[in-house]
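In: Using only what follows, build the 3D model:
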Amino acid sequence: MKNMGSFMKQAQRMKDEFQRLQERLAHTRVEGTAGGGMVTAVADGNQNLVEIRIQPEVVNPEDVEMLQDLIVAAVNEARSRSQALMNDEMSKLTGGLQLNLPGLI
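Out: The predicted structure follows:
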């Protein structure tokens, strides 16, 4: 039973560390850009889109499709960077182990 108590304490510490990581990631920002910086998407470390910036000169009513494509590209890049950041931070926390712990994060 002593080992079980130790295991439970360790599990609780890991859960607490995951929660702190999630809070840190929520305040971390990554950017994705497209069109040479004409469109910028900003995501937090939890992969939530938090901001879109569009330079006025890229807004052309005659070519809305191009602007849509740039937005999609910038958002995808921001999400990809956010995912990489999350994976990197999780790897540091777990010592490189790939864990699937539902409910922790």
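In: For this structure, give me the ranges with low pLDDT.
Out: Regions of the chain meeting the criterion pLDDT under 70 cover residues 1, 96-105.
In: all helices for it, in order.
Out: Applying DSSP state H to the chain gives helices spanning 2-26, 64-94.
In: most tightly surrounded among those?
Out: Neighbour counts (mean count of other CB atoms under 10 Å) averaged over each of the helices of the chain peak at helix 64-94, with a mean of 16. All C-beta atoms are positioned from the backbone trio N, CA, C, and that covers glycine.
In: Give the other helices and strands that that helix contacts.
Out: Packing contacts for helix 64-94, counted by 3 or more CB pairs under 8 Å, 6 or more residues apart in numbering; DSSP states H and E, involve helix 2-26, strand 29-34, strand 39-44, strand 49-54.
In: can you give me the angle it makes with strand 39-44?
Out: Calculated by axes from the mean of the first three to the mean of the last three CA atoms, to 10 degrees, helix 64-94 forms an angle of 30 degrees with strand 39-44.
In: which residues touch stretch 21-39?
Out: Contacts of stretch 21-39 with the rest of the structure, by CB atoms under 8 Å, 6 or more residues apart in numbering, involve 40-46, 48, 50, 52-55, 57-58, 67, 69-71, 73-82, 85-86, 89-90, 93, 105.
In: Can you get me the start-to-end distance on it?
Out: Distance across stretch 21-39, first residue to last, is 29 Å (CA to CA, to the nearest Å).
In: ok now that stretch, how far from the chain's centre?
Out: Averaging C-alpha positions (CA atoms, centre = their mean, to the nearest Å) puts stretch 21-39 8 Å from its chain's average.
In: ok, now which ones touch M86?
Out: Listed by CB under 8 Å, 6+ apart, the contact set of M86 reads 25, 45-47.
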